[in-house]
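Visitor: Structural data only, the sequence is not supplied:
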């Protein structure tokens with residue numbers, strides 16, 4: 001049971017990471033369309049970093065648990 005809960009948490013981390021990346025890219029595009037290029041790039045960079053970190057944490061947790 002514990003492995004199943006941890007596996008679900010790993011998938012939740014991966015999904016949250018992807019969602020943060022998506023929101024950051026969409027926010028960046030919206031700012032870019034309003035001629036705020038530098039702020040747009042900063043937000044996109046932070047979102048990609050945070051989202052990738054969460055995704056990698058989830059991926060590593062899932063790999064450490066072995067095959068489901």
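Guide: That came through, no problem. Keep in mind the model is a prediction, meaning the values are calculated, not measured. Numbering: from 1, shown residues only.

Visitor: Contacts only, for the spatially most central residue of the chain.
Guide: The structure's the chain has its C-alpha centroid closest to residue 17; by C-alpha atoms, centre = their mean the separation is 1.7 Å. For residue 17, the contact set (C-beta atoms under 8 Å, 6 or more residues apart in numbering) comprises 50-58. Where C-beta positions appear, they are placed from N, C-alpha and C, glycine not excepted.

Visitor: what comes up buried for the longest helix seen in the chain?
Guide: Counting residues, the longest helix in the chain under DSSP state H turns out to be helix 2-33. Buried residues in helix 2-33, counting neighbours by 16 or more other C-beta atoms under 10 Å, are found at 7, 10, 13-14, 16-17, 20-21, 24, 28, 31-32.

Visitor: Just put those residues in CSV and tack on distance to residue 44.
Guide: Listed next are the buried residues of helix 2-33 as CSV, based on distance: C-beta to C-beta, whole Å:
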residue, distance to residue 44
7, 31
10, 26
13, 21
14, 20
16, 17
17, 15
20, 11
21, 9
24, 6
28, 4
31, 9
32, 9
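
Visitor: Which of these sits closest to residue 63?
Guide: Closest approach between the buried residues of helix 2-33 and residue 63, by C-beta to C-beta: residue 10, at 8.7 Å.

Visitor: I appreciate the help and will end here.
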